[in-house]
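Colleague: take this sequence and fold it.
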Amino acid sequence: MIYALGEQLQEITLEQATEGMIPAVFITSSEDCCEILQKSGINYEGEINLDDAYFCKLETQQECLYGTLAIPRLLDVLGDRYRMLLFVNKNCIVIVDDQGFAERILKRIQKKKLHQGETKEHFLYNFFGEFMSKDNRVLEDFERSIMTMEDNILHENNQSYQKYQRQMMPIRRQLLILRSYYEQLVEVGKAFEENENRFFAKKQLKYFGTLTDRADRLMGRTMHLIDYAKQVTDAYQSQVDAQQNGNMQFLTIISTIFLPLTLITSWYGMNFDNMPELKNGYPMIVCLCILVIVICIIIFKRKKML
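Modeller: Numbering: from 1, shown residues only. From the prediction side, this is the model:
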């Protein structure tokens, strides 16, 4: 697919784009990439391999800008990503995509934007902004999930550790992935702003500054959610510790009560002829044990341990 840059993106043929070197956006597959790059005047000596697009970056080559994009799927952040290659020179933008994601983004731009891409800078602003447009909603969903977990911690005192980990661990992993992704987008935006090859007009660099700010805000919000998740985890751990302390306190009370009783019974289990109250002393021992229990309970009550 080839679109001429302008207020409205118009689909054109390869001949129309290359004859007069009309500023255009080329969307191609990795199979046809080399031919498109050659005809659009972009010389790239590296290997074209979408599997190498592990993260988002932008490099300044001698005759073009080369970038890789690895965009998490918002419905499956832990799964495979949308992987694309990006080439930019003075006239053209070439996007290499085997998954159809770039074309879907362009269709959304054509449907939603009145000014779809008068310049390369404006098109890149719309393109990057469009696949970040739903991220705030996704982060809101994560926030609601963490808030729900926090409510469950307050109301479910017997929530198991396994249940909590099954809920929290995927959320934290997804947030960490998104934080790294937004951090990469910030670096890409800054690389565009540097304009080392002078491919962009100075007055148009404001678009890249806006993209950088948007990615930075998303990264900041993601970091806030990571901190929030940690606070919830700390609250859960405090609750678990309190339960364990309560159990240990109960066991301590039981042990303290039965320790003197064990001493008394072990004492009278010895075989001595001159043992006091050896004959007919059972009622006295029973009363002594009851007295010890009552005294221990009174002491624990005063110590507010019961």
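
Colleague: all the helices of the stretch 51-200 of the chain, in order from the start?
Modeller: Counting by DSSP state H, counting those that start in this stretch, the stretch 51-200 of the chain has helices at residues 101-112, 120-131, 135-155, 161-194.

Colleague: C-terminal to the last one, what's the next element?
Modeller: The reference is to helix 161-194. Moving toward the C-terminus from helix 161-194, the next helix or strand (DSSP states H and E) is helix 206-267.

Colleague: could you say what helices and strands that next one packs with?
Modeller: With contacts defined as 3 or more Cβ pairs under 8 Å, 6 or more residues apart in numbering; DSSP states H and E, helix 206-267 has these neighbours: helix 120-131, helix 135-155, helix 161-194, helix 282-302. For glycine as for every other residue, the C-beta is placed from the backbone atoms N, C-alpha and C.

Colleague: for the longest one, buried residues please.
Modeller: Read it as helix 161-194. Buried residues in helix 161-194, defined by neighbour count with 16 or more other Cβ atoms under 10 Å: 164, 168, 171-172, 174-175, 178-179, 181-186, 188-192.

Colleague: ok, the last one next?
Modeller: Of the residues in helix 282-302, those with enough neighbours to count as buried (16+ other Cβ under 10 Å) are 292, 296, 300.

Colleague: same check on the second one?
Modeller: Buried positions in helix 135-155, judged by neighbour count with 16+ other Cβ under 10 Å: 135, 138, 139, 142, 143, 145, 146, 149, 150, 153.

Colleague: taking helix 206-267 as reference, get the angle to that helix.
Modeller: Going by axes from the mean of the first three to the mean of the last three Cα atoms, to 10 degrees, helix 135-155 is angled at 20 degrees with respect to helix 206-267.

Colleague: outside of helix 135-155, which residues touch it?
Modeller: 74, 159, 164, 167-168, 171, 174-175, 178, 218, 221-222, 225, 228-229, 232, 235-236, 239 (Cβ atoms under 8 Å, 6 or more residues apart in numbering).

Colleague: need the helices of the stretch 51-200 of the chain in TSV with mean pLDDT and distance to residue 251, can you?
Modeller: Below are the helices of the stretch 51-200 of the chain laid out as TSV (pLDDT from 0 to 100; distance: least, Cβ to Cβ, whole Å):
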stretch	mean pLDDT	distance to residue 251
helix 101-112	86	59
helix 120-131	88	57
helix 135-155	87	25
helix 161-194	88	20
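
Colleague: ok, which of those helices comes nearest residue 39?
Modeller: Distance to residue 39, taken as Cβ to Cβ, is lowest for helix 120-131 among the helices of the stretch 51-200 of the chain, at 17.6 Å.

Colleague: could I get the buried residue list for the closest one?
Modeller: For helix 120-131, a neighbour-count test (16+ other Cβ under 10 Å) marks 120, 121, 122, 123, 124, 125, 126, 127, 128, 129, 130, 131 as buried.

Colleague: ok, now which ones touch the second one?
Modeller: Neighbouring residues of residue 121 by Cβ under 8 Å, 6+ apart: 200, 201, 204, 205, 207, 208.

Colleague: try it again at 10 Å.
Modeller: 192, 195, 199, 200, 201, 203, 204, 205, 206, 207, 208 (Cβ atoms under 10 Å, 6 or more residues apart in numbering).

Colleague: kindly report the same for the fourth one.
Modeller: Contact analysis of residue 123 by Cβ under 10 Å, 6+ apart lists 3, 5-6, 9, 23-25, 93, 106, 109, 113, 115-117, 207.
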